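[1] What would the 3D arrangement of this be:
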Amino acid sequence: MVSFYRPQQAKAKNIECELDCQELDLKGQGVCRRDGQICFVPGVLPGEKVRVRGSIGPKGSGRLRLLEVLTPSAQRVAPDCPYLEHCGGCTLQHVPAELALESKIAGLRRLYGKQLKAQLSEPDVIVRSQNLSYRRAARFAVRYDRGRLYLGFREEESH
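    Okay, here's the model as predicted:
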């Protein structure tokens, strides 16, 4: 019988801690650093101090869940949608439109600099729209659960 060697996988560490957010990534997640490890936290703005929970992988990065905003940013916007807590569609409703656009441009510059070793100048065409009128298409999900039919967008982190 043949036996194959498989190195043991390093396990992720579960943590709960307080972090400071420095910037937003391309997806609009807050980027926080902890002991040289990079943590991505959805729902956080630069300059905020937050309490988070989650797991950090063996390579030193992870996506953490926001538990509480300890020090909110002055830029934080109150969301207009009452379904924001359950819906997974509008992940940037807490971000002012101008900051979201600036962070996406900064993220593209970082990506071009890292991958192509090229400096990206200011984009010539930036499409701006009204703050809440940006959705051009939608995909609905249908779920039947215990005699009830649900129709709408998919919930955040759901199947």
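[2] Give me the most central residue, this protein.
    With distances taken as Cα atoms, centre = their mean, the chain has residue 29 as the residue nearest its mean C-alpha position (2.8 Å).
[3] who touches that one in this structure?
    40, 41, 42, 44, 63, 91 (Cβ atoms under 8 Å, 6 or more residues apart in numbering). In short, each C-beta sits where N, CA and C put it, glycine included.
[4] Using neighbour counts, trim these to the buried set.
    Buried members of the contacts of residue 29, counted by 16 or more other Cβ atoms under 10 Å: 40, 41, 42, 44, 91.
[5] quick one: low-confidence parts of the protein?
    1, 10, 86-89, 123-138, 157-159 (pLDDT under 70).
[6] Please enumerate the strands of it.
    Along the chain, counting by DSSP state E, strands occupy 13-24, 30-34, 37-41, 49-56, 61-71, 141-145, 148-152.
[7] And those: which comes nearest residue 105?
    strand 13-24 (11.0 Å; Cβ to Cβ).
[8] by contact count, what packs against the closest one?
    Other helices and strands packing on strand 13-24, by 3 or more Cβ pairs under 8 Å, 6 or more residues apart in numbering; DSSP states H and E, are strand 30-34, strand 37-41, strand 49-56, strand 61-71, helix 97-115.
[9] quick one: residue 92 from residue 118, how far?
    27 Å (Cβ to Cβ, to the nearest Å).
[10] If anything else comes up later, I'll come back, but that's it for now.
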